[in-house]
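Enquirer: need a structure here:
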Amino acid sequence: MWIIAQYLTPGDVSIQGVGVTPDIELDPMTADTLEMDLFRSERSFRERDLTKSLAGAARRSTDQPFFRLRYNLPEKERAEIRERGGELDDEFRIDFPIQVAREVVQKSAPGKRSDQLRAIKAHLERLQQTELEEVGRDLQKLGIDWSPPPKDYAGGLRPTDYEVKIETDRPNHTVTAGEPMTLKVTVKNRGTVPVYQLRAITKSDGVYYDERELIFGRIDPGQSKTASVPLGFCDVEGRKPGSTAPVPENAPRKCKIPLDADPRSDVVRVRFFAEGADPPRDAELRPTIEALPEPIFAYTYQIVDNRPGNGDGQIARGEGATIYVTVKNVGKGRSYETQANLRNLTGDGLLLHAGRFDISNLKPNEVRNVEFTFDVLDVLQEDSIHLELSVVDRDLRVVSSEKLKLPVVQSPLVLQPASGKVTTTASAPLRGQPVATAPVVGEVEKGSVLERLGTLGPYTKVSLGQDRFGFVESRLLREANGASKVAFRPLLSHSPPLLEVKPAKLATRESKVRIEGVAHDADRVMDAVVFVGSRKVFYQSNKKAADPTKLQFSFDAELQPGINVITVLARENADTTSRTTMVVRRDGPNGEFLPTPKADLLDSEFDVGFGTE
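Expert: Presented below is the predicted three-dimensional model:
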């Protein structure tokens, strides 16, 4: 059953997707060299921007506040708010919003709301002027003359009376993900009178560049002034979303393009404003981001009932077990902040002890080993336990994950105790259990000398050292003497397909772009799919391929005007997927900038995955 409803006021006016417009809107202003915020507009997406949002004839989408009060929020106070995040302040303080609310209540006499608002307008205007003067003083400390034009100022400057130079600190305006990039704009006044309160703001479909403010202030005739602003995102060095790691005291803020930025080429337009005169014409810049090569996490795991357990390789109630995980970076790029995680999906019947390990900075071909531990409790009701194993690079958003369903047995396997040393006569597959259907988790190399622990049927239980054991076929062993010499090579049986996509043009005037690629996997490639935004535009199954380990694809993707986020995915199975994302900008027939529809920008933010085919 579907229920569709709208939010209405008592007068049956729809506020669906727009909300209630306040009578007095407070807009903080901060003079900050890294993140100047004096005139930035709210650009957040709202429900009304969705293509299928509800609408009504009585919806008021253009209501404006009675008064927009812009006030000075010093950088120190804004920094405290950033540091506090969503947590409430322990101490109650009368800040500017509370102060204004008190004064509005105190100065409002009983009566109609419209009369009350008109009665306090003069007070709000005086308060506004005081706050603007405070902002001017903060800008003065930064060396910016924000004085307004004199009353007899006649203006007279035309857009052609300025010389504008726009540049970045990167060759060809090209930056690699994870690096800083600074926009620098220089304006020369070639007119005969000063320009006052000159400012500029960037407009771009790229979130790393949009709504960055440049403040110039007064520029006298013949004088030039330069304003710079960092691009990308700014945060306190060492702080990461979701992390509880302590941040060094007085750590500086740093601005950079995020590590996980996709390859893209954007248009950045610099729009100028001046008080009492025409500003310069808009200027334009087209920066490019080059993505980092990504890691690919291949892994294998073995479950050993050894803490304590009966040692048969199976899981039973009352036993403790270790999951030995080997992770290898088989990709072309290094990893950054990387974790191996084990998540309990079973519930109360499973007690997880060590479920997270730091394996950061994995270089290509580097291997790390971790050991997860858990107990299977007697109260477990189900006949299996459920876990999720994942390897995650939090900075690059690269994930390899798998959901595990492990049977819990009622009856143990009875092994015959044995001792002595054995050696392998050939490379011997090693299993986690002494049964033919148990998966092979690695190979014991020829000539290894192992301690024998027991036997069951055609299998011998051998020690791999440090409480870890496994089972090999007895026919591949013979008696041996001397010190143990274990040469064990894990079989990396869990790995996303290696996905190679031919780089597409990041900017084109055409209505289509060619997408070509190939996916390889040691076991198989099941299928591939391509999305533009959240729209699935291509699917190819590999079920009937002559070579199930390889899938080649090629097709033309339709492009919308402006920004197109193209995501290519290839999967080995339902849990093991590789993806590559690129951002292709479609320009006009003469190379002119085409704006991206706002709904399409929102559409591109959705994560994509596989549906049922």
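
Enquirer: number of residues surrounding the residue lying closest to Leu285 once chain neighbours are set aside?
Expert: Counting by Cβ to Cβ, 6 or more residues apart in numbering, the nearest residue to Leu285 once its immediate chain neighbours are dropped is Val268, at 4.5 Å. For the C-beta atoms, the positions are set from N, CA and C on the backbone; glycine is no exception. Residues contacting Val268 under the criterion other Cβ atoms under 10 Å number 24.

Enquirer: repeat for Thr174
Expert: 13.

Enquirer: can you tell me the closest non-neighbouring residue to it?
Expert: Thr174's closest residue in space is Thr288 (Cβ to Cβ, 6+ apart), at 4.5 Å.

Enquirer: got the phi and psi for that neighbour?
Expert: Backbone geometry at Thr288, expressed as degrees, to the nearest 10, gives phi -130, psi 140.

Enquirer: can you check Gly311 too?
Expert: According to degrees, to the nearest 10, Gly311 has phi 80, psi 20.

Enquirer: and what of Val100?
Expert: Dihedral angles (degrees, to the nearest 10) for Val100: phi -60, psi -40.

Enquirer: just checking, Val532 touches Phe555?
Expert: No - using Cβ atoms under 8 Å, Val532 makes no contact with Phe555, being 11.5 Å away.

Enquirer: centre-most residue in this protein?
Expert: By Cα atoms, centre = their mean, the chain has its centre lying nearest to Arg397, at 6.1 Å.

Enquirer: tell me the contacts of the closest residue to it other than its chain neighbours?
Expert: Residue nearest to Arg397 in three dimensions, not counting chain neighbours: Asp260, with 4.8 Å by Cβ to Cβ, 6+ apart. By Cβ atoms under 8 Å, 6 or more residues apart in numbering, the residues touching Asp260 are 177, 395-397.

Enquirer: now, those residues that are in strands?
Expert: Per DSSP state E, strands hold no members of the contacts of Asp260.

Enquirer: any weak-confidence spans in this structure?
Expert: Applying pLDDT under 70 to the chain flags the ranges 1-19, 42-62, 85-90, 240-247, 599-613.

Enquirer: and the helices in the chain?
Expert: In the chain, helices defined by DSSP state H lie at 75-84, 96-107, 113-141, 598-603, listed in chain order.

Enquirer: could you check the angle the first one makes with helix 113-141?
Expert: Between the axis of helix 75-84 and that of helix 113-141 there is an angle of 110 degrees, by axes from the mean of the first three to the mean of the last three Cα atoms, to 10 degrees.

Enquirer: what comes into contact with stretch 304-312?
Expert: Applying Cβ under 8 Å, 6+ apart, the contact partners of stretch 304-312 are 313-316, 319-324, 373, 412-415, 432-434, 453-454, 456, 461, 467-470.

Enquirer: my read: Ser578 touches Pro496, true?
Expert: Yes - counting by Cβ under 8 Å, Pro496 is a contact partner of Ser578 at 4.0 Å.

Enquirer: what do the two both touch?
Expert: Contact criterion Cβ under 8 Å, 6+ apart; residues shared by Ser578 and Pro496: 296, 570-571.

Enquirer: among those, which ones are in strands?
Expert: Reading strands off these with DSSP E, I get 570-571.

Enquirer: most neighbours among the shared contacts of Ser578 and Pro496, which one?
Expert: Ala570 (29 neighbours).

Enquirer: so who does Val135 touch?
Expert: 29, 31, 38, 72, 146.

Enquirer: ok, now Pro597?
Expert: Per Cβ under 8 Å, 6+ apart, neighbours of Pro597: 560-562.
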